[in-house]
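>>> The sequence and its predicted three-dimensional model are supplied below.
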Amino acid sequence: MESTLVNKWLNQYENRQPVFNHLVLFLVAISFALSDWLYGAFTFTELILGLSLSILFLAGKYRIHVHQLKWVLAPIIIILVHSLYLYNVYDDFNLRISVIALIKLLFYVLAVTGLYNFIKVQKLKEEFMIWNNLVALIILALGVYIALAVYMETNFEQGLPYEFLLRFTRLDGHLYRRDIPIVRMKSIFQEPAHLGYYLNSILMINLLNKKQLRMKKWINSLLITGVILTLSYSSVFIMLSILALWLIVNFNHFKGKLKWTPSAFVSLGLVLIVVFFFRELIYTTLVQRTIEIITGVETSGYERLIVSWRYINKETFLSGYGFLQSPGMLWNIFAYVFTELGLIVFFLYVLSIGYLMNYNIPIALVFILMNFAKGGYLSSGYWFLILLVIIYSARNFEPFHVTNRKGEHREK
């Protein structure tokens, strides 16, 4: 009886495979757009990813290949051994927190590996990119609506309803500073910088992927405009870095071949119009802030780059404090890895980024910048970035490379 039900389910999947494929891609794309939404102890990303992986498992499409196991198990084993060592050495080590964090790490590693294999084997890289961009455009539309509603509420004490869109995240966080009531776009994220992180992740793969997959210019222009409207210093800096790397990579292609098509004029015009109308806001939040950072008046950059390393000392230099047991809030991934896991794991992490440079230097450089933009290596947004990096950094990312039974490459 059970076998009959399984066969019926598999036959239904095979008959409607394109529909199921797009359903999974949509769920994955929307899940990471909801990375700041919380339901109990879980983010919406984790809940929706769990549903997506269940669909793949029931359809027999969830795969982890034997040669991938060493890459899947390596971080789990390293952190497990590290946690057991610290548990035996330090009396105040919280084993319960480390076990919960380790389970969460295992979930994300299995999710990223399974989704990578599904997208590669089914040859859905372009479709996945399209879904991510469609979802990003929806998030941008919601962001404009919410920002407009907050602006009307702040300046006219009346506005449009928007609280229902932020039910599972922060209602505040829209204003630049309390003494400077400039409304920044954060859409359905907790902070404008988180929206910028998300949009930059998608802009990165649109412009720097190795498979020559290209999105329409107007879509990239909207993503760029969205990043600008966050008025997030780190997000705008990373966005400009992505554009600079894209220009460098395509310099020879553009040399003597640059053509101003109607779509190019419209795309550039859109960005320039936004910059013109919001020039005073951009000057206050970006240009003036740059001056404040240089003169030492504004210390957030100093805290992100320097203060984040403050908990490292001679007692914890080699071993760290333990997985997810940093004494305080940190503002970049590198500092988190060194502070919690120690010098050896930090060295391995840096080495893995160096390995990524063999495949795609521009994406590796953006990945480094993104590591400084936001802390938390167990955050949903961070693992979304990793999924995009391993899918789009090269035609075939060797550590996760998928082959068929004959040993031939699945994708050429």
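Sure, I can see it.
>>> pLDDT below threshold where in the protein?
Low-confidence segments of the chain, defined by pLDDT under 70: 1-16, 176-180, 252-260, 263, 296-302, 395-412.
>>> quick check: domain ranges of it?
1-62, 79-121+314-412, 124-267 (automatic domain parsing).
>>> Redo these as CSV? Include distance to Val287.
Every C-beta, even on glycine, is put in place using the N, C-alpha and C of the backbone. Below are these laid out as CSV (distance: least, Cβ to Cβ, whole Å):
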stretch, distance to Val287
domain 1-62, 28
domain 79-121+314-412, 20
domain 124-267, 10
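>>> could the ones you listed go into TSV alongside mean neighbour count?
Below are the domains of the chain laid out as TSV (neighbours: other Cβ atoms under 10 Å):
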stretch	mean neighbour count
domain 1-62	16
domain 79-121+314-412	17
domain 124-267	18
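>>> wait, which of those is closest to Leu69?
Closest approach to Leu69 among the domains of the chain is made by domain 79-121+314-412 (9.4 Å; Cβ to Cβ).
>>> Distance from that closest one to the middle of the chain?
Relative to its parent chain, domain 79-121+314-412 has a centroid offset of 13 Å by Cα atoms, centre = their mean, to the nearest Å.
>>> can you check stretch 105-122 too?
On Cα atoms, centre = their mean, the centre of stretch 105-122 falls 15 Å from that of its chain.
>>> what helices or strands is the helix or strand harbouring Leu195 leaning on?
Leu195 belongs to helix 192-208 when assigned by DSSP states H and E. Applying 3 or more Cβ pairs under 8 Å, 6 or more residues apart in numbering; DSSP states H and E, one finds that helix 192-208 contacts helix 125-156, helix 217-230, helix 233-249, helix 361-373, helix 380-392.
>>> any idea of the angle the first one forms with helix 380-392?
With axes from the mean of the first three to the mean of the last three Cα atoms, to 10 degrees defining the directions, helix 125-156 sits at 150 degrees from helix 380-392.
>>> again with the second one
Helix 217-230 and helix 380-392 are oriented at 150 degrees to each other (the same axes, to 10 degrees).
>>> now helix 217-230, how far from the chain's geometric center?
Averaged C-alpha coordinates place helix 217-230 at 17 Å from its chain's average position (Cα atoms, centre = their mean).
>>> again, but for the third one
The offset between the C-alpha centroid of helix 233-249 and the centroid of the whole chain comes to 16 Å, using Cα atoms, centre = their mean.
>>> Only C-alpha atoms, please: export it in CSV.
Extracted C-alpha coordinates of helix 233-249, given in CSV (Å, rounded to 0.1, in the frame of the first residue of the first chain):
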residue,chain,number,x,y,z
TYR,A,233,26.4,53.4,3.9
SER,A,234,27.8,49.9,3.8
SER,A,235,25.2,48.7,1.2
VAL,A,236,25.8,51.6,-1.1
PHE,A,237,29.6,51.1,-0.9
ILE,A,238,29.2,47.4,-1.7
MET,A,239,26.8,48.2,-4.6
LEU,A,240,29.4,50.6,-6.0
SER,A,241,32.1,48.0,-5.6
ILE,A,242,30.0,45.5,-7.6
LEU,A,243,29.5,48.0,-10.4
ALA,A,244,33.2,48.8,-10.4
LEU,A,245,34.1,45.1,-10.6
TRP,A,246,31.6,44.6,-13.4
LEU,A,247,33.1,47.4,-15.4
ILE,A,248,36.6,46.0,-14.9
VAL,A,249,35.6,42.5,-15.9
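>>> can you give me the angle that helix makes with helix 192-208?
10 degrees.
>>> can you check the second one too?
Calculated by the same axes, to 10 degrees, helix 217-230 forms an angle of 160 degrees with helix 192-208.
>>> give me every residue that touches Phe26.
Residues near Phe26 by Cβ atoms under 8 Å, 6 or more residues apart in numbering: Trp131, Val135.
>>> Which of the helices or strands spans it?
Using DSSP H and E, Phe26 sits within helix 17-33.
>>> C-terminal to that helix, what's the next element?
strand 38-39.
>>> How about residues contacting that next one?
Strand 38-39 is contacted from outside by Phe44, Leu47, Phe168, Thr169, using Cβ under 8 Å, 6+ apart.
>>> Identify the farthest-apart pair in these.
Leu47 and Thr169 (14.4 Å).
>>> Distance to Val249 and secondary structure for the contacts of strand 38-39 - can I get that in CSV?
Formatted as CSV, the contacts of strand 38-39 follow (distance: Cβ to Cβ, whole Å; DSSP: H, G, I helix; E, B strand; the rest coil):
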residue, distance to Val249, secondary structure
Phe44, 35, helix
Leu47, 37, helix
Phe168, 39, coil
Thr169, 36, coil
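>>> What is the nearest of the residues you listed to Asn155?
Thr169 (23.3 Å).
>>> Roughly how far does the closest one sit from Glu163?
Using Cβ to Cβ, to the nearest Å, we find Thr169 at a distance of 11 Å from Glu163.
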